[in-house]
Structure formats: structure tokens, C-alpha cells
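Chemist: one predicted model, sequence on top.
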Amino acid sequence: MAKAAAVLFLVAALLCLMRTGDAQRRFCGKSDITFLVRKTGKVVGSQPEYVVAIETSCSCPMKDVRVWCGGLEDSAVPLDAGKVEVDEGMCVLKQPVARGSPVVFNYSCEVPVNFRVFNAAPDC
């Protein structure tokens with residue numbers, strides 16, 4: 001009887017651990033998206049050029065990523081249309097952001113853009 005209770009306890013503990021892992025994946029969200037912005041050293045149209053890397057710490061790829069990026073529509077550097085589209089101050093990423101595979105593109109602006117996540121959803 002004690003052995004059966006111990007086995008039952010172990011099975012319950014394993015199921016609990018498995019459910020906790022699933023819950024962690026579901027809780028990935030906007031706060032898991034980060035931005036690394038730096039100057040490239042180039043000047044385009046009298047404005048400094050920047051490169052931005054949009055990354056995630058989530059184990060799942062993040063899809064439907066929309067980012068506030070006011071000022072980017074005036075960039076003298078053409079944005080990579082395969083990666084990002086600007087619509088009234090909102091950047092819509094055309095590809096998921098995956099851990100270890102950031103979405104990277106260049107832009108030019110007087111000052112660095114203050115990127116902020118509006119929407120992101122885990123894809124797992």
C-alpha cells in the first residue's frame with residue numbers, strides 16, 4: 001500500500017511539473033521582447049544611422065509583434081520591407097522574433113527611436 005501511494009505521489013509530481021512548464025510557455029508576452037539600438041557610424045541624409053535588434057528571452061517564437069516606433073516613417077534609410085512595415089507610428093514585424101534569432105534592421109533618425117512593445121504573442 002505504501003509503495004502504491006509513493007508511485008501515485010511521483011506520478012502526480014511529474015504531472016504537476018509538466019503543467020508548470022506549459023504554463024511558463026503560455027506566460028511569455030510583451031515583457032519578453034527587448035531592443036538593442038546602436039549607432040552604425042554612418043550618416044544618411046544628414047541623420048545618424050542606427051541598427052536595432054529586436055530579441056526575445058521567451059523559449060517560444062513571438063509572433064504578431066507590433067511596436068510603437070514614432071519617427072521611423074521619416075527614416076532616410078529604406079526599411080527592410082521583408083522585416084518591418086511602418087503604419088502611423090506603429091512597426092509591424094513581418095517575421096516572428098525567436099530566441100537567438102533577433103529581427104535586425106537599420107534606420108536613420110536625429111535621435112534613436114524609443115521602441116516600445118504594443119503586442120506580441122507566443123507561438124507554441
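Modeler: The structure has been received and is ready for your questions. Numbering: from 1, shown residues only.
Chemist: what about Val103, how many residues nearby?
Modeler: When neighbours are defined as other CB atoms under 10 Å, Val103 has 23 of them. All C-beta atoms are positioned from the backbone trio N, CA, C, and that covers glycine.
Chemist: and what of Pro122?
Modeler: 19.
Chemist: who's it bridged to?
Modeler: Met62 (DSSP bridges).
Chemist: now swap in Phe105 and tell me
Modeler: Val52.
Chemist: so where's the chain uncertain?
Modeler: Residue ranges of the chain with pLDDT under 70: 1-26.
Chemist: gap between the closest residue to Ala76 other than its chain neighbours and Ser108?
Modeler: Spatial nearest neighbour of Ala76, excluding adjacent residues (CB to CB, 6 or more residues apart in numbering): Gly45 at 3.1 Å. Distance of Gly45 to Ser108, given as CB to CB, to the nearest Å: 6 Å.
Chemist: so what sits against both of those two?
Modeler: Residues within reach of Gly45 and of Ser108 at once, by CB atoms under 8 Å, 6 or more residues apart in numbering, are Ala76.
Chemist: got the residue ranges for the strands in the chain?
Modeler: Assigned by DSSP state E, the strands in the chain fall at 33-44, 47-56, 62-68, 84-87, 90-93, 103-108, 116-122.
Chemist: of these, which is nearest Phe27?
Modeler: The minimum distance between Phe27 and those falls on strand 116-122, with 8.3 Å, by CB to CB.
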